[in-house]
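Trainee: kindly return the folded structure for what I paste below:
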Amino acid sequence: MEPALDRDADAAEAALLAGLRRGSDEAFEALVRTTSPRLLAVARRILGTDEDARDALQDAYISAFKALPRFEGQSRLSTWLHRIVVNTALMRLRSRKRHPEEPIDTLLPGYKDDGHHSHEAEEWADGADVLLERAETRAFVRAQIERLPDNYRTVLLLRDIEEMSTPEAAAALGISENAVKIRLHRARQALRALIHERLRAASPDAGRVPS
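Mentor: Predicted coordinates for the structure are as follows:
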């Protein structure tokens with residue numbers, strides 16, 4: 001049996017969608033009020049500044065309302081809006097980039113002549129998404145993610161934070177699925193190196209992210 005809460009949520013979304021399609025100002029205000037905080041955070045993670053994120057979110061809402069007649073309701077309205085915000089933010093990110101892709105090699109593990117790592121790193125099993133859930137490490141990890149070059153940072157955000165699939169991320173970025181996998185692997189390696197670099201700088205005895 002379908003839970004009552006799910007039925008209520010479906011009914012509320014159906015009513016909201018009907019209002020939006022009628023051009024109801026009240027429905028528009030309700031949509032913005034309930035979705036903008038989370039969507040603004042999504043745009044901010046991709047673009048890096050509040051001003052760019054607000055502009056992207058405004059553009060996304062405009063795009064969404066233009067596309068509303070084509071929305072068939074096969075996904076949640078919030079899921080549909082999330083995809084539009086991600087794509088809008090990525091378009092804005094690409095439009096402001098007028099330089100070659102930034103290298104990431106200096107952030108990746110180095111190797112000695114014998115094939116071993118130049119610096120032994122302590123193991124940590126948690127991914128970026130898990131680390132970001134911990135209040136005491138959230139700001140620390142976000143700061144290290146921000147240090148990644150845009151083309152690697154966006155892949156990491158889309159896959160690990162926004163939980164997009166490899167095909168979805170590839171479509172959003174306009175690159176192949178294999179390129180997504182390669183960039184994600186390298187971004188995770190670089191993030192790990194950045195985290196350990198900062199921990200070593202903070203304390204000679206620090207070996208792992210606080211738990």
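
Trainee: give the contact list for the residue nearest to the spatial centre of the chain.
Mentor: Centroid-nearest residue in the chain, with C-alpha atoms, centre = their mean: Leu157, separated by 3.4 Å. Applying C-beta atoms under 8 Å, 6 or more residues apart in numbering, we find Leu157 in contact with Arg45, Ile46, Ile145. In this view, the C-beta of every residue, glycine as well, is placed from N, C-alpha and C.

Trainee: and the first one, how many neighbours?
Mentor: A count of neighbours around Arg45, defined by other C-beta atoms under 10 Å, yields 21.

Trainee: make sure Gly19 is actually in contact with Glu26.
Mentor: Yes. Judged on C-beta atoms under 8 Å, Gly19 makes contact with Glu26 at a distance of 6.6 Å.

Trainee: between the two, tell me which one has more neighbours.
Mentor: It is Gly19, of Gly19 and Glu26, that has more neighbours when counted by other C-beta under 10 Å, with 16 against 10.

Trainee: show me the domain layout of this structure.
Mentor: 4-95, 105-202 (automatic domain parsing).

Trainee: least confident of the ones you listed, on average?
Mentor: Across the domains of the chain, domain 105-202 has the smallest mean pLDDT, namely a mean of 77.

Trainee: quick one: the helices in the protein?
Mentor: Counting by DSSP state H, the chain has helices at residues 4-22, 25-47, 50-67, 77-95, 128-133, 135-146, 150-156, 166-173, 177-202.

Trainee: from the ones you listed, which stretch is densest packed?
Mentor: helix 150-156 (a mean of 23; mean count of other C-beta atoms under 10 Å).

Trainee: circling back to that earlier point, got a markdown table for the contacts of Leu157, with distance to Leu184 too?
Mentor: Below are the contacts of Leu157 laid out as a markdown table (distance: C-beta to C-beta, whole Å):
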| residue | distance to Leu184 |
| --- | --- |
| Arg45 | 16 |
| Ile46 | 15 |
| Ile145 | 13 |
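
Trainee: just name the closest of the residues you listed to His185, please.
Mentor: Using C-beta to C-beta, Ile145 comes nearest to His185 of the contacts of Leu157, at 15.5 Å.

Trainee: isn't the closest one right up against Leu191?
Mentor: Yes. Counting by C-beta under 8 Å, Ile145 touches Leu191, with 6.4 Å between them.

Trainee: excluding its backbone neighbours, what's nearest Met164?
Mentor: With C-beta to C-beta, 6 or more residues apart in numbering as the criterion, Met164 has its nearest non-adjacent residue at 4.6 Å, and that residue is Leu158.

Trainee: Ala67 too?
Mentor: Once flanking residues are discounted, Ala67 sits nearest to Ile84: 7.5 Å by C-beta to C-beta, 6+ apart.

Trainee: mind checking how far that neighbour is from Arg186?
Mentor: Distance of Ile84 to Arg186, given as C-beta to C-beta, to the nearest Å: 28 Å.

Trainee: same check, this time on Ala41
Mentor: Distance of Ala41 to Arg186, given as C-beta to C-beta: 25 Å.

Trainee: do Asp52 as well
Mentor: Distance from Asp52 to Arg186, counting by C-beta to C-beta: 25 Å.

Trainee: could you do Pro149 as well?
Mentor: From Pro149 across to Arg186, the span is 10 Å (C-beta to C-beta).
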